Each structure stands twice: as C-alpha cells, then as structure tokens.
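Colleague: compute the structure for the input listed below.
(3 chains)
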Amino acid sequence: MIVLSCPNCGPRNVAEFRYGGEVHPRPPVPEAVSDEAWIDFIYMRANKAGRRPEWWYHRNGCGLWFLAERDTTTNTILSTYLPGQGERHDA
Amino acid sequence: MWRPHDLAPSYDVVIIGGGVHGLACAYYLAKDHGITNVAVLDKSYIGAGGSGRNTTILRSNYLTPEGVVFYDESLKLYREMAEAFDFNVLFSCRGHLTLAHTDGAVRTMRRRAEVNRLQGVDSRLIGPADIKRLCPALDVSEHPRYPILAALYHPPGSIIRHDAVVWGYAAQADRHGVHIHPHTTVTGIRTANGRVTGVETTRGFIKTGAVLNATAGWATTIADMVGVRLPIVTYPLQACVSEPLKPFLDVIIVSGSLHVYVSQSDRGELVMGAAVDPFASYSLRGSLDFAEGIAGHMLELFPALHHVRMLRQWAGLCDMTPDYSPIMGLTPVEGFFLDVGWGTYGFKAGPISGRCLAELIATGRTPPLIFPFRLARFYERDLVGEKGAASVGH
Amino acid sequence: MTPDAPFDFVFAGRVYRAQPGDTIASALARNGVRVLSRSFKYHRPRGLMCGAGHCPNCLVQVGDEPNVRACMRPVVPEMIVEPQNAWPSLGFDLMAVTGWLERFLPVGFYYKAFIRPRRLWPLFERFLRRAAGLGRVNLTTPPGEYVKQYLHTDVVVIGGGRSGLRAAIAAAGAGADVALFDENPTLGGRLNYSGSATAAAERAALLAQVAALPNLQCYTQATVLGWFEDHWLPVRQGNRLWKVRAKAVIVATGAYEQPLLFSNNDLPGIMLAGAVRRLLHQHGVKPGERAVIVTNHDEGPDVAAELLAAGVTVAALADGRHPTPDAAGLPTIPIFWGHTVVRAEGRAGLRRVQLAPLTVDGRPGAPLQTIPCDLLVIAAGSTPANGLLYQAGARIAYHDETGQFVVEELPPGVFATGRVTGWQADDAAEVGRQAAAFAMGRDGMRTVPARGAHSLPAPCYRPTPGKAFVCLCEDVTAKDIAMAVAEGFNSLELVKRYATVTMGPCQGKMCAVASIRLTAAATGRSPAATGVTTARPPLTPVPLGVLAGQTMEPLRRTPVDAWHRRHGARMMVAGLWQRPEHYGDPPAEVKAVREAVGLIDVSTLGKLRLTGPGVPAFLDRLYTTRLGDLPSGRVRYGLMCNDEGVILDDGVTARLDEQEWYITTTTGNAEAIYEWMQWWAQAGWGEGVHITDVTDDFAAFNLAGPQARAVLQALTTADVGNAAFPYLHVRQLELAGVPCRVLRIGFTGELSYEIHCPAGFGPYLWEAILAAGAGFGIRPFGVEAQRVLRLEKAHLLIGQDTDAMTDPLSAGMAWAVKFDKPDFLGRRSLLRVQAQGLRQRLVGFEVLTPGVTPEEGLQIVQPNGNGRPTIIGWVTSSRYSPTLGKAIGLCWLPAELAAKPGTPFTIHRTEGPVQARVHHGPFYDPTGARLRS
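Modeller: Sure, this is the predicted structure:
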C-alpha cells in the first residue's frame, strides 16, 4: 500500500484517501466555450502514463482536498501540495 | 501455431494489440473479407494483456438492448469456436448467477432479466431456495451483513480457457496469411492531410492506410499519436486463483454489492475477481488491500472456505469510459479505427467486436451492431445506458 | 500446546505414533510411511521431498483443511490426516490409469481432443472435472477465528538463518527497532540441521545475542507473503496476519534446493538434501535404509557421512564433478565421479536407481550401473529465494556462464544478504548496520550488493528421456516443455501458459529455473535472453481466512434502532444503514398517515451544517434550484447535478438564521455529497463557507398526517398553528423539553413536520411523540409505506427512478432548474439538453388492467411486427395505492409518448401484457392543499 503525505497530517496509508482524478480545470465561463470544447472538458481525459497532477481527499482524516503529483506507471508519489499553492511537501 | 515473420515494409491493415480483439479482427479480415496483408503488433507476447488476465466469464445478460444483442452474438461465436478452429478452447457452460443483496439490486436484476428475455436471451430472477439448489456452497440465510434476496440466473453464462482463445485466433489468422509480430512496440503513427500513412515501431516503419487501436491500458497513449482524445481512464483490475480443489462450485457467482465474482475452473482452481482498484494507475503490481478485500467478501458468501488458500494474484488494465460501454469504430482521423474502452468486459466481446471491426475496415460501413458504441456518441448526447446498472440505489 | 510425550494421530485411516516436535511428514517418515498423496494429473504416488514447505509432494488434507504441507505442519494428538487426490485409496488409485495413458495425454492434450461432436464435450468435461483438483472443501466447516495486527518498525529482516540473524543483530545493535520473520518453527536456518557441533554452537551464540537485544523481536512460523509499495509487508503467522510497515527491509531468505531431471524423479524416497538432514538432525528419523546420493557440490559427501553415522547404508555417491584433491578424506563408500542419476525405478516408492557417466558435453551417457536403494538424496544445486526482491523492484540478472541468478541492484530501503543475493560475501553485519542507518534517516543507501564468488552451487539440469518431471504440481515433464516450444509456444510466458508449468501450489519454487533453462534450450536462446516469469504474491499460498481476518462489514443503526426491533419492525438494508421496512402492515401504515397521523424514523438522512457569508453564492453554484435568496426561517427543496447535467442528489435546505444553513441529503449519498461540497469549497468556490457533516449528531423523524399539528402542539407550548408555522418554514422548538429544529415539508403529501433533535434524545423523543399521538391514532410507519405515500404524490426517488445518466429535464424536474441563475453545476450541459430536446421522459402511469400491479423493472414495449417487441421504456416504481384503489407508478417513456396525459401503452409481463396510461402530476391531492392546510 502506497503512502501519501497529506499536507495537513503527514504520511498516511493510501486507504485513508479518496482518489479525485487527474487535474483538468473547468472552463471559467462554461457558456463561452463551444459545445465540443465543453464535451471534451466533461468526458475526455489525458490519462497520462507517467507523472501527472491529481486530486486526493483525506477522507478518513482531516477532510482536506489536495494535489499530488504521481507517476501512474509505478504509483510513486513525487509531491503533494495545496490547491493554488506551488508549495510542495516531499512525499 | 503461428510463424515468425520479418516486418514487411507495408501492410494493408496494421492492428495494434495482439489480444483477442486484435487477433480476431485480423482473422475476420482475412477470412470474411479476403484482406490477408495484415500485421498484428504487440509490445509483449500475444495475449499478454487483458486477454490473458481476465477471469474468463462469458455472458450476455446486459442491461441495455444494444448491449444484450452485441454480447449474445459474441457468446454464439465462442460456443462454436472449438469446432471452427479444430482447437478445444474448453468452453464450459456453467450458468451465471448475479446476486442481489438489496431491494434496489432486485429491481435492477428484474430489469435485466426482462430486457434479456425480450432479446431472446435466457435470464430470470430466482429466489434463495433456487439459488441454494444451484449453489449449495452459498450462505443464503438472513445472517450475513448483506443477505441474498434474489439472483439473476443466466443459464448460458460460461467460462472458457482464455489463452486458448488467443492461440486459436492467432493460429487461424496465421493460416490465412496474417503476420503476427509480438515484441514489437508502436512508437508513432504518421498522418498526412488527416489520413493515416504509416506506423513507426521499434522494428522499423510500416506503410499503411489503416490502423486499428485494439489496445487496453494504452488506448489513450496510442490515440494521442494521431491527436484523437478519448474519454478513458485506466484502472487496474485485480484477480486471483486458489489452489486446486475438488470441484464443488458448478455455477459462476457474481455479487455486485460485495464486489466479487468467482467460478471454479476445470482444473479445480477458484478464479476470483473484484471491482477495479480505487485509484487510476498503469501499475500491474497489485495490492494487499485487494487480497484482503476479496478474501473477506468471499467468506461473506462462502463462510466454509476460510481454509482455502489463495495461490496467486495479478492485475490487468481496464480502460473505463463514462457510460461503461466500449468505443468502436471511426475517428476524425481517416484510417484510424478504435476498438477500445473495454472496461472490465472486453474478453467477452472479443470475437464479435473483431468481426464487426473487420467489416468496418473492409467495407467502410459501420455495422449496426456496433453503431451505438461510436466515439461520436459523446458529442451527440447519445450515451449507452449500461452505467445505469452500476448506479447504487438507496 | 506442544505435547511432551509420544502421542497418536491418524493417517489414511490408520493410527500412528508421533514424537514431540514432529511435523506430519516427519512422524510419517518415522513410521515408514512414504506415500503421502497422489499427483495432480497422473495420480502418481508422492512423498516427502523438499522438507521445507516448498514443493507440492506432501500436500495432505487435515480435517476440513485441504492442501496442507505435511512437512511444515506440526502434528498434534488425534489429528486426522488424509491423503489427497487418491480414489478409492492411496495404495490403489483408479485414476492412476491416467499415468499409463501418459503418452496419449501429452502437453496441451485437452486443446486437441473432445472437439467433435460438440454435444459430447459436456460429458467429457464432467469426467475432467471429477478428476480435477487436489484437496476437498467441506461445506459445513464452521467459521474460523482470525486476527490482523499492524506492526511499524525501523527494519524488517526476512529470514532467520545465519545471515538474517547476523544482520538483525547488527541493525538492532545500531539502535534500530528490528522485527525478524522466519517461516520455520526455530531460528537458525540451516544451522539447525547441518549436523555439526560448530553450527550448533554458532546458532546458540546468535540466539544468545538475539535474546540480549530488547529492540529485536523475532517471529517464527511467520511467512512473509509479498512485498508491496513503500515496504508494506503481509506476514502470516498461524491465524494472524501481520501488516508490517518498515522503513528498511533486509531480505535474507536464502535459497531453494532444486531437484534433478531424470526419469521418475518424483518417486517417494527421492528427497532433497535439506529434507534428509532435517529428518536426521531435527527429528532423529532415519530417512531410509539404503541410500544413493547424487550431487555436484560438497554437501553430497557431507550428507553421506551423516547418513553413515545414522546407520544408513550408503550404496553410492554419484558426483557430477571429477575427483578433487581432498577426495581422500571422504568416507569409504562407492563414489562414482562424473556420474549422475538417469532413472529411478519403483512403484509406490523408490527401489533402485540407474547411474550414468556424464559425457564430454555434460550430458548423461548410457546407463551403466543399477543400484538398489530406498533413498535417493539430491544435493544438486540451489537457486536464490529472490521472489521478494523481484517484487521490491530489484534488478536481478541471470549469468549464463555460471547458471545462477545474482542481484545487481536494489531499490532504496531494500537490502539483501546471504545466499539470496547469489553472491558470496560475508557482509550480513555490514548490511544490518546500513539498513539501520537508512531507517533512522542517516545515509546507508546501498543499492549494489557486495560481490564475491557465487554463493550457491547452480542447479544442475540434465534432462534424460522418460518421465522427468519439471513441474511436480502439474505433472509437467521436460519433454512437455520441448513439445510446447516445438508447437510454436516459443517464449517463456507462452510455455508457462500452455504447459501450466510454474502455475501450481509450489509457485515455481521447484520449477521456475528448470523451465527457463529448458525453454532456452528448446528455443536456442540463452537463459538470460529467455527471461523470467513474474513472482506474483502471495509467495506462499495463504488461507482466505487469514487474509480476511475478522470480517467487519460496517453497519449503521439509527438512535431508535432498538425500539424498532422491540416493536416488530422488519429491517432492511439501506446503504450502510438498517431501516424499518415496515412494522407488519404497510397498508395500515399508509392509511394512518392519510387519515390520522404517522411517524417515521428518517435519521439516516445526510445532514450538513453550512455557515459563513459565502454560503448563498456557494449553494447557488452547487444546486440547480435557487437557494441563495432563501430567507431565515425558510425551507426549500434543492436539486443537485454534476457538470454532465446528471442528477446527483436532492434534499432540503433550511436557513436557520442569517449565518447558518441546515441541509439534508439522501441516505445513500450523504458521504459523497459532503465530499463533493468540500471539493468545490476547497478547490476555489469556498470563500466564506464552512461545511460540517452533522449526520450522526441528529436523530430525525417525520410526523405526517392530518393530525400531525395536533400531536406537535401537544409537545410544545409554542404556537405551531398554520399562520405561525406555515408550510416550507423551519422553527427551532422545544418538544417535550428537547431542543429541536422542525422543518415543515411534505414528502408524503400530508401536513408534516420533519423533527431533528440531538441524537442522544432520539429514543426519548420518539416515544414522547408516540405517547402524545396516542389519542390521535398515531402509528409508526416504515420505508414501504413511505414509498407508497410518495408515489401517490409522484415524487421521484434519486437512484431508483433516476440512474447515473439521468438529467433533471428528462426526469420532469425542469421546474427545479433555474436557468436564469448565473453559472451553476450542470447548467452548460442542461442548456444543450433544453436546446436539443428530450428523448425519454420520466412520467407517472396508472394501470388499466384490473388486479395487476406490475413489478418494478418491467419493460414497456411496442409491437414491431417481426416477433420480438421493441423496448421503448421501463417501470421504475410501481405500487398498489390503497388510497386510490389502483396500481400506479413511474416509468420512462419516449418523450413524445409521455407528453400527453392519458396516452395508453403496454407493459410486458410474462403472465400477460399490462395496459397502462400516462399520468401527469401527483396522483393524490394534485394541488397540494393538504400540505399547506
């Protein structure tokens, strides 16, 4: 079981967390984008094999939603950090 | 069974992915349409992906009419496979029980039974007494945390030797002149003016006008090579087997609430699978959480099995789509075809999707059987409703 | 408890005497029993072979427990042991005829047989299934007791042999907390049974050091099952599963002795040197009377001397090597230098072996000598037990020149020492110190193991003609592998899958290396180029009970649960909760609500508390309904979608005061909606919003019916009249002395109050309400009555009438989607739905066919003239309404059909078609007058 470092609580077993999927920002003004771009936002995913930023939620813990950069080929966590902050916590 | 070949400089069709889907498509291209200048590429040995990692369950008791007729055609091809190939794929009709532990699940099972029967597929809702008769090992009492209220009984549900299916298709495709190239990794796909012109591989360049993406786990990676975006997220799915035991489980048992499915093979092993992992990944390592979880759920259903030993666990990759249905057919790039997004149900569909994709590639016309599963459905607000079966009631 | 005097046990129906400390296998060997079970495919007799729990030859049934390794399981008084896979008996097994048919049952046989006629295949298959499997499952086995325990430590050492002990002692000496696991009953590994006084003294000295280190804990009979990410190790110890998280791991698992490949190499009486030495030195059992030893290294002569000392006649020593200078010091026994065994003979056990000289190219020549014996000791090489290192991601290479696997590189935090590395290096203590340093955060990163000479004699495979078993689990012979390759299965993975070699209970411990070498030979590639198969967990088969532990499926009960059970409620599963489905008479419960008053426990509803100035804007973005302008003291219905436009949940929002909102969610979605709200709040929309999940803090009851106000008034001095407390208002009231928040809403269609009180007061208030209502005909009602009541009002249930793809416009809830609000979740997608029009719609229906209530899930069909009717919709909810005296429901229909009330349609039902017609709006009290009254 991999260990994920919650920015609040420190390293914890991944079973305490809920996976929130890859980061894919919502268009700030949905009405301003085309139908096709909107469908792409709703359904299409990069699904990258390798390092990618993702959302995680400390469900059985402090209730924090945070970001983690993870290598999806090995499940290695490279860093975790709070949304809107570049500040990184070593995993 | 099949012969090694040098990579030819050009092929009429290049199929990426040497699993059941890709090999079946190659076979039907050659057999049904006379297109034999075909290459099947795989980055590993053939059948190394989902084809060799699934739990071999075959069934057609889906929720949507389009799903039911599609999978039922596949089941027919599987049933006739041994004779067609002169190769015993150990097709074993065992009967399939999907257990309902909640009133919401009972409603869904009845809905599936009704849809199935209206499509001519044998499916019915049965109660605990009948369940016990078909599967004496199950605990059908009211004691478990999730008592068994009813089950969807699907007599045609079957298991098969998955590797034999791969080898059967490979041998037949080879006999028809198809080139099978294992250990050949695709590194790029060339296009010009919106058309496919060739495939770059670790063994050299292949000129071709038609490429089929028949991969699982790597579908988005391949599609990226031509700039086609897919609504796919890749999750590991884990399974395991027990040590061989004298057969006591004749039917296939599935419990949605407990996330477990199990059958006993002709070798006596219990073959067990679970839901996809809780987070997306390409790692095939597997987890202890899976082993603990499936053991617990198995014992909820079969309390007497606690001495039975787990022998081996493994993982495969599943490409999950938003509507729990595959993506087959054309893309905006001419000559680039899809047979992807197979989630946890790809093996069941290998023969029929191979046949339909072969028809599409050969004729340019999408067969009605796979039209509902086109990529464009996401843009046309025409999703397939299989996900409805997965929505949990209150 | 370990017995301290001889005792009896039963094997195959006969009583035998065991000595204290015996395993099943040693006790049987002591009694001269050589055949323990029959093999998987050919039903060949099999007996003790490896003595280390690695091979499948001694699998027996112990009571209800199948596939027990007899060499590892201590025998206990009155134990009932049975052989496996033998019918009718171990001595006379009818299925052994498959052995005579062996030449008709080559590898892949099944794939080529029983193909035509197809109708006969099920018969053949029945025969195959009867022959399949090893042990038996007893379906009446009572549940077992299993526990799980976590262990966090600095350093884990796996393997308690000489290297493991020395590494553990050094790591603990350096100050690290150390846990050592060994699968055997006693620590010391080979020091336990090497038969020399020096070894015994070394073992005693190591154990003394272990005992002196309080920060070193040793666990015996503890098998590490696998390595998972971040050093997460499952360890089985009896009925306990340890889940261990270590900062550093030292793998000192040693090596697996390997068998040889010669004809009939599976006969009982053929044993690996380790098994022989364990019998001799740990159990004091003579493993045979007349022995032949075959070897390629110094252990062979050692075992010969030990057998002689135990009074066993050593008939011959066949040594693949050529005479060495110190050959003079060997015991006086016939030595055949440059020889190997090519054939064993015997029926239920070994009778004689044939020796042959090795030719110049190292292959066995023609047999020269036949030597009678009842014991053949194989000391012919080992292979590192490196499965854990593979799983940990170590780089391991196969050296074609030496025929051995060696560790080349280790990942951070993983260390290895001893024979498992494939290298000979006296580095255990150094490795222990480095692991301790790594675990305690100092340097000590060591990724390349020390190198030296090879630590192990390479296994020596020289397949001979005849039935030379590579895979004892599956009865796969050397010839089978060659045939598989010849058929085109020309890579290791394909051979494995076709021949099923390495896929049996030994997990490849006995056969992986041999199958690599044989595949390499058959394909003309080098073994290094042939590769290895994946070492999958568990590395040792583990009972499901151990993995499951105590099953703890979570179960939630409402505060009033005990009352419900005392009063005859039939409970039902509702997500994690249990709720009363009814109290025995659902129609009477419906009637009470419609005509008098009823009370239902709705404590399972999700309950959220939102505070802060940002809440109005936040709610308007998350809900499709308008909630931002909700005044204090008011309640409003809320519907929630995701950006796909799919309905997620519904519930009510009450604004308690200027700063506080109280929101309910459906029972099943409580947690998901809380997380969803948290996500949007924390990801950027949560300025001035605080969300707390208070689901467990409140009990909630719905008091419903024309007499509800009278009952409520009886509980409070406050004015609860229609003017003072109107519909869709919330009041904080004291009821029977309990502070409550009371929401006037009406899911049932009657005047009703949803009463939320602190959970601890739940049971008291529930009874107080019932007491207050006694004079008004109050009756508790359950989920079933509520379903009927809400259906009479045509209220939909999220998750029953809708699914994971339903949008609110199609569900007939356009009124709940306020497009005139700015951006909210789902708006963009729902605008598209609105523009493009509906395909299907959820509508009410009433049944026209008398006496029929269609079951939920039935399909709505249209004849299409070619046999099978076309499905056009389906029934999501359906009940007989006692109030209306007819069957009603909700269903999905094509939008054009659903558009007009009264449109008839047909529901398909096996017993005969059911006629129904479209109904719009509530079936009962369509104007909602009763809610407001």
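Colleague: so residue A:55 lies in a strand, does it not?
Modeller: Yes: under DSSP: H, G, I helix; E, B strand; the rest coil, residue A:55 falls within a strand.
Colleague: what are the boundaries of the helices in chain A?
Modeller: For chain A, applying DSSP state H gives helices covering A:35-43.
Colleague: where does pLDDT dip in it?
Modeller: For chain A, residues meeting the criterion pLDDT under 70 lie at A:86-91.
Colleague: confirm residue C:552 sits in a strand?
Modeller: No: with three-state DSSP as the criterion, residue C:552 is assigned coil and is not in a strand.
Colleague: and stretch B:290-308, does that touch chain C?
Modeller: Yes: residues of stretch B:290-308 contacting chain C under Cβ under 8 Å from any Cβ of the partner chain: B:291-292, B:294-296, B:298-300, B:303-308. All C-beta atoms are positioned from the backbone trio N, CA, C, and that covers glycine.
Colleague: wait, I meant stretch B:6-18
Modeller: No: applying Cβ under 8 Å from any Cβ, one finds stretch B:6-18 separated from chain C by no less than 11.7 Å.
Colleague: now that stretch: average pLDDT?
Modeller: Averaging pLDDT along stretch B:6-18 yields 98.
Colleague: quick check: residues of chain A near chain B?
Modeller: Residues of chain A lying near chain B by Cβ under 8 Å from any Cβ: A:1, A:14-15, A:18-19, A:21-22, A:35-36, A:39-40, A:42-49, A:72-75.
Colleague: turn the residues of stretch B:290-308 next to chain C into CSV, including neighbour count, pLDDT and secondary structure.
Modeller: Formatted as CSV, those follow (neighbours: other Cβ atoms under 10 Å in any protein chain shown; pLDDT from 0 to 100; DSSP: H, G, I helix; E, B strand; the rest coil):
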residue, neighbour count, pLDDT, secondary structure
B:291, 27, 97, helix
B:292, 19, 97, helix
B:294, 27, 96, helix
B:295, 28, 97, helix
B:296, 20, 95, helix
B:298, 28, 96, helix
B:299, 24, 95, helix
B:300, 20, 93, helix
B:303, 21, 93, helix
B:304, 19, 95, helix
B:305, 25, 97, helix
B:306, 25, 97, helix
B:307, 23, 97, helix
B:308, 25, 97, coil
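Colleague: the residues of chain A next to chain B in strands, which ones?
Modeller: Counted as lying in strands by DSSP state E, out of the residues of chain A next to chain B, are A:18, A:19, A:21, A:22.
Colleague: partner residues bridging the first one?
Modeller: Legend: beta-bridge partners of residue A:18 under DSSP bridges are residue A:57.
Colleague: need the residues of chain B near chain A, please.
Modeller: Residues of chain B lying near chain A by Cβ under 8 Å from any Cβ: B:218, B:220-221, B:229-234, B:278-283, B:285, B:287-289, B:322, B:378-379.
Colleague: filter those residues down to the buried ones.
Modeller: The neighbour-count test (16 or more other Cβ atoms under 10 Å in any protein chain shown) marks B:218, B:220-221, B:229-234, B:278-283, B:285, B:287-289, B:322, B:378 as buried among these.
Colleague: for chain A, what is the nearest residue in the stretch 1-150 of chain B?
Modeller: At 12.5 Å from chain A, residue B:43 is the closest residue in the stretch 1-150 of chain B, using Cβ to the nearest Cβ.
Colleague: OK, contacts around that residue?
Modeller: Neighbour list for residue B:43: B:183, B:184, B:185, B:186 [criterion: Cβ atoms under 8 Å, 6 or more residues apart in numbering or on different chains].
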